[in-house]
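Asks: Sequence and predicted structure, then a few things I'm wondering about:
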Number of protein chains: 2
Amino acid sequence: MKARPDSVRRTRDLLRAAVLRGDFVDGILPGERELVGSYSVSRGIVREVLTLLRDEGLIARTQGVGTHVVAPTAHRRLEDIQGIAELKSGNHFNGRLLLTSFESTVISAPAAASRALEVETGTPCLRVDYAAGTISGDVDAAATNYVLFPEAQRLIDTPFVVDWYAYLSSAGVKIGGSDFTVSAVLSDETLASVLRTTEGAPLLLLEQTIRDMSGRVFNYAIAHARPDRLRVVSHSARGAATFDRTAVPERGERPNRIQ
Amino acid sequence: MKARPDSVRRTRDLLRAAVLRGDFVDGILPGERELVGSYSVSRGIVREVLTLLRDEGLIARTQGVGTHVVAPTAHRRLEDIQGIAELKSGNHFNGRLLLTSFESTVISAPAAASRALEVETGTPCLRVDYAAGTISGDVDAAATNYVLFPEAQRLIDTPFVVDWYAYLSSAGVKIGGSDFTVSAVLSDETLASVLRTTEGAPLLLLEQTIRDMSGRVFNYAIAHARPDRLRVVSHSARGAATFDRTAVPERGERPNRIQ
């Protein structure tokens, strides 16, 4: 690898991380001269990196404001999106999520869903397709759930709640555990339209199976999320470590952090 | 949304999940007629979906073999890539990983790295860039690590081990905890060349901070991984659930699963 592309890549990766993490007060990026100093790279590289992040749709330049972050990125704890944290105040997202589409149908489980659900292909299940975003009008994620009976019947009988775990909970369905797989995929035309992004944009691909208290899988889901709107965060401590995370100093302003 | 694009999207999502999960014995997909039956869609939709997955580089058609999975996808437990599982037999990946590039330099911490490391910008740190793949010659992931002193000195004094946690461990560096963020991003030319994929391909973007036993952050990393080669899996049980995961029946053949 040549030196220059590597400097561009590393600086872009770092500045992208800072943008997504919400490092910048009021979402305003420092000027080019300051970035040259704080990243120890040439002005040419700073400009190239800013262009790359603009092309990704993460930052924009507005007359009189300067270079700023386009929209805040929410950070969701893995425990929350995995549904294993205890529900607090009824809803993980405190009503921040807004449903943009919803469709629910009883179908015969297709092959890959039945495999994940550990049942025969063709077993009846409820397919629930929905897309949800923030109150601000953004669409963060679209999900297709495949739910076995009898849980499916309880969901049919219960008004939909956009937070899936609140929905399961209000339908009286208890969660024993959850397996989660994270991947990345390109947005096609359909997903781009649902998520209000562009075709070919990168998306987080989240796959999940949810088990009841006896360990039986009753819910399989495939979800797509915009990485510029939602990031998955996991905190872990190892064996003997006993430090208190709350004692770790918080890093300055975090305007983007909606945890 | 029209009905047809949704059927294509759902069937593609399910079949992609089955491919990545390693559902198919010897990686051979069923014939079109069987897929029509097991996904309850028309032959036209099955063909469209197979074309989409071929375009993604996940499957290929070979004369005399039929439609088959291009390469197995490894599944890594989040606990492992987060470094919080206990090291077993010296190395999580049992020597399956092969180093394809390595570069290590002492630098002044750039802004976003210093923020993540909770130190002043310009604090000396060791930057370690490496790319690693499987013995088969694939390149799975490329990572840039920023490590503070004194840990950095111990790493400088220790031969590199491609499994980062084995490297830290052989340098006598203990891990107290780890914060992990997962996102998705497009491959640029440089990353495409390192990861032997195409420009514009989707990549998993993994960001991590590692803490020592006292809670101090000493390691910040940004890594990119090919989603067709590596998936991150998280298993969780909720509060009172006590079912034994080992009692859950395993699903058939899992040729792709390298856990």
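Replies: Sure thing, it's come through. Numbering: from 1, shown residues only, chains lettered A, B, ... in the order given.
Asks: Just want the most central residue of chain A.
Replies: A:L230 (3.4 Å; CA atoms, centre = their mean).
Asks: which ones are touching that residue?
Replies: Going by CB atoms under 8 Å, 6 or more residues apart in numbering or on different chains, A:L230 touches A:T73, A:A74, A:R76, A:D140, A:A141, A:L204. Heads up, the C-betas are built off the backbone N, CA and C, glycines and all.
Asks: again with A:R43
Replies: Contacts of A:R43 (CB under 8 Å, 6+ apart): A:E32, A:R33, A:V36.
Asks: low-confidence ranges in chain A?
Replies: A:1-4, A:82-97, A:134-137, A:238-259 (pLDDT under 70).
Asks: all strands for it, in order.
Replies: All strands of chain A, identified by DSSP state E, fall at A:59-62, A:66-69, A:74-77, A:97-108, A:124-134, A:139-148, A:177-186, A:202-211, A:217-225, A:230-237.
Asks: hang on, the earlier thing: give me the subset of the contacts of A:L230 touching chain B.
Replies: A:L204 (CB under 8 Å from any CB of the partner chain).
Asks: Let me have the contacts of A:L230 in a markdown table, extended by distance to B:V147 and neighbour count.
Replies: What follows is the contacts of A:L230, written out as a markdown table (distance: CB to CB, whole Å; neighbours: other CB atoms under 10 Å in any protein chain shown):
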| residue | distance to B:V147 | neighbour count |
| --- | --- | --- |
| A:T73 | 26 | 23 |
| A:A74 | 29 | 22 |
| A:R76 | 28 | 19 |
| A:D140 | 34 | 26 |
| A:A141 | 34 | 23 |
| A:L204 | 28 | 26 |
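Asks: so A:I107 touches A:P124, yeah?
Replies: Yes. Under the criterion of CB atoms under 8 Å, A:I107 makes contact with A:P124 at 7.5 Å.
Asks: buried sites along the longest helix along chain A?
Replies: When chain A is parsed with DSSP state H, its longest helix is helix A:3-21. Across helix A:3-21, burial judged by 16 or more other CB atoms under 10 Å in any protein chain shown covers A:7-21.
Asks: Mark out where each domain of chain A begins and ends.
Replies: A:3-69, A:74-233 (automatic domain parsing).
Asks: How about the contacts made by A:A221?
Replies: Neighbours of A:A221 in contact, by CB under 8 Å, 6+ apart: A:A143, A:T144, A:N145, A:Y146, A:W164, A:L206, A:E207, A:Q208, A:T209, A:I210.
Asks: make it 10 Å
Replies: A:A221 sits next to A:113, A:116, A:128, A:143-147, A:164, A:178, A:180, A:206-210 when contact means CB atoms under 10 Å, 6 or more residues apart in numbering or on different chains.
Asks: Between these, which sits nearest chain B?
Replies: A:F180 (4.4 Å; CB to the nearest CB).
Asks: I'd assumed A:E207 was in contact with that closest one.
Replies: Yes. With contact defined as CB atoms under 10 Å, A:F180 counts as touching A:E207 (7.3 Å).
Asks: Which residues are in contact with each of the two?
Replies: With CB under 10 Å, 6+ apart, A:F180 and A:E207 have common neighbours A:A221, B:V233.
Asks: on that earlier part again, filter the contacts of A:R43 down to just the ones in helices.
Replies: A:E32, A:R33, A:V36.
Asks: which of these has the most neighbours?
Replies: A:V36 (17 neighbours; other CB atoms under 10 Å in any protein chain shown).
Asks: how far away is that one from chain B?
Replies: 11 Å (CB to the nearest CB, to the nearest Å).
Asks: Contact partners for that residue?
Replies: Counted by CB under 10 Å, 6+ apart, A:V36 has contacts A:P30, A:S42, A:R43, A:G44, A:I45, A:V46, A:R47.
Asks: Return the distance of it relative to A:L50.
Replies: Distance from A:V36 to A:L50, counting by CB to CB, to the nearest Å: 11 Å.
Asks: now do A:G215
Replies: In terms of CB to CB, A:G215 sits 51 Å off from A:L50.
Asks: what about A:T158, neighbour count?
Replies: 15.
Asks: ok, it touching A:S170?
Replies: Yes. Under the criterion of CB under 10 Å, A:T158 makes contact with A:S170 at 5.7 Å.
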